[in-house]
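Chemist: This is a predicted model, with the sequence first.
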Amino acid sequence: MMYRFPLEEFKQWPTPFYYYDMGLLSKTLNEINRQVKGYPYDVHYAIKANGNPVILKEIVKNGLGVDLVSGGEIKASLAAGFDPGKMVYSGVGKTDWEINLGLDHDIFCFNVESVPELEVINELAGRRGKTAHVAIRVNPDIDAHTHRYITTGTAEDKFGINIEMLATAVDRALKLPHLHLRGLHFHVGSQITQMKPFVMLCESVNGLLDYFDRHDIHFELINVGGGLGIDYDTPDINPVPDFQHFFDTFKRHLRLRRNQRLHFELGRSIVAQCGTLIARVIYVKENRNKKFVILDAGMTDLIRPALYQAHHVIQNISAAVDTASDVYDVVGPICESSDVFGTDEKLPVTRRGDLVALRSAGAYGETMASCYNMRPLPKSHFSR
Ligand SMILES: Cc1ncc(COP(=O)(O)O)c(C=O)c1O
Ligand SMILES: N[C@@H](CCCC[NH3+])C(=O)O
């Protein structure tokens, strides 16, 4: 059965806009908390997936920490009420002002991606008379087999420190006077739907912990990043991702040491399914071989299809259930040939003024919107 949107309300709001099902977000967060209860696990929300203040408030309320990648994200998470004692900050190119902002707020941990960054954080912490808490981001060289633009954990990617250079980096971190090394950080990629890459990650972590144990180096935490994928094809069948399978993988395969905590940084799996981009049909036009549905939303509102050839389920939510169907390319109004949401989409016969839903758009939708073609940013609305 098709998800029921509040159509009468939608008719009154200017399009395009993001609509968030807050009940689903709450259910998703409850499920995460249920799965980690009783385990030494800390879950951080990767705010890059969605920084909408209303969404953030709900996540704060559910007690999660936050995973950051910029000074702007530090500011947004402070404004939303996240506890700095639960803030972790990754990124290959942290600038001085961003590091200083993190230091001023005594964030829980900088996930450091290079030896030069270790040196800079040490120097900036020293100048403030502080100790910076750090974890070293390891590039585990695991291919998560997702789209090549969203793999992060292979040796060719810019992220983290290669395993063969790790011992030297750890040694350096332990010697720098204004750093406290909390542990190791990993992240293998995004939209991962098979558990195999996570099992491989656990095996890699186990091997490294054995190695450091032998050298009498012990870590208080391991951070395995995020990456759990969602069901883009059938969002109504799997509105809440399979967190049980995900956390069980780590419970079964990762050999945590005594008093060691396991950190996670989940983005997409928390917010993707609760968000939908709602657009209005401006025109339906026929060319020689194609019929086009032209929406008032484009790649500026949701860039994932143009950037990663991603597909979001497209639904005409105005059409009556028994309407005859036709086949269309669904496109936006932007002056780019890649501004296409779907080709050969079977939809009910569609007319100017109909409302169209682009599903599973809660993650990397609103946060990646741009003003290209001098368009305004999309607005947002929330379920009651
Ligand atoms: C370091 C780090 N942590 C967490 C995430 C969140 O990933 P996801 O949204 O796939 O859970 C990302 C993005 O891929 C990341 O780069
Ligand atoms: N923005 C990407 C994922 C990248 C995640 C950040 N490393 C997406 O929409 O799928």
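Modeler: Ah, there it is. Quantities reported herein were computed from a predicted structural model and do not represent experimental measurements. Ligands and ions are numbered 1, 2, ... in the order given.
Chemist: which bits of the stretch 1-150 of the chain sit near ligand 1?
Modeler: 46, 49, 67, 90 (CB under 6 Å from any ligand atom). All C-beta spots, glycine's among them, are computed from the backbone N, C-alpha and C.
Chemist: which phi and psi does the residue in the stretch 151-300 of the chain positioned nearest to ligand 2 have?
Modeler: Nearest residue of the stretch 151-300 of the chain to ligand 2 (CB to the nearest ligand atom) works out as S190 at 4.2 Å. Per-residue torsions, S190: phi -130, psi 160 (degrees, to the nearest 10).
Chemist: pretty sure it is touching I230, no?
Modeler: No: using CB atoms under 8 Å, S190 makes no contact with I230, being 10.3 Å away.
Chemist: intersection of neighbour lists for those two?
Modeler: Residues within reach of S190 and of I230 at once, by CB atoms under 8 Å, 6 or more residues apart in numbering, are R268.
Chemist: Around the residue of the stretch 201-350 of the chain at minimum distance from ligand 2, count how many other residues there are.
Modeler: Going by CB to the nearest ligand atom, ligand 2 is nearest to R304 of the stretch 201-350 of the chain, at 4.8 Å. When neighbours are defined as other CB atoms under 10 Å, R304 has 23 of them.
Chemist: Quick check, it in contact with H312.
Modeler: Yes: using CB under 8 Å, R304 is in contact with H312, at 7.0 Å.
Chemist: any low-confidence regions in this protein?
Modeler: For the chain, the stretches with pLDDT under 70 are 1, 145-156.
Chemist: now the helices for it?
Modeler: 7-12, 22-36, 53-61, 71-80, 96-104, 115-127, 163-175, 196-214, 243-253, 268-271, 304-308 (DSSP state H).
Chemist: residues contacting Y211?
Modeler: A167.
Chemist: repeat for S325
Modeler: By CB under 8 Å, 6+ apart, the residues touching S325 are 346-349.
Chemist: does it have beta-bridge partners, and which?
Modeler: P348 (DSSP bridges).
Chemist: how much space between it and ligand 1?
Modeler: 34 Å (CB to the nearest ligand atom, to the nearest Å).
Chemist: got a list of what the residue in the stretch 1-150 of the chain that ligand 1 sits nearest to touches?
Modeler: Relative to ligand 1, the nearest point of the stretch 1-150 of the chain is A46 (3.5 Å; CB to the nearest ligand atom). Residues counted as contacts of A46 (CB under 8 Å, 6+ apart) are 67, 226, 265-268.
Chemist: Which members of these define the maximum pairwise distance?
Modeler: D67 and R268 (12.1 Å; CB to CB).
Chemist: These two: who's more crowded?
Modeler: Neighbour tally, D67 and R268, criterion other CB under 10 Å: the higher count belongs to D67, 31 against 25.
Chemist: Return the distance of that one relative to ligand 2.
Modeler: Distance from D67 to ligand 2, by CB to the nearest ligand atom: 10 Å.
Chemist: Sounds good, over and out.
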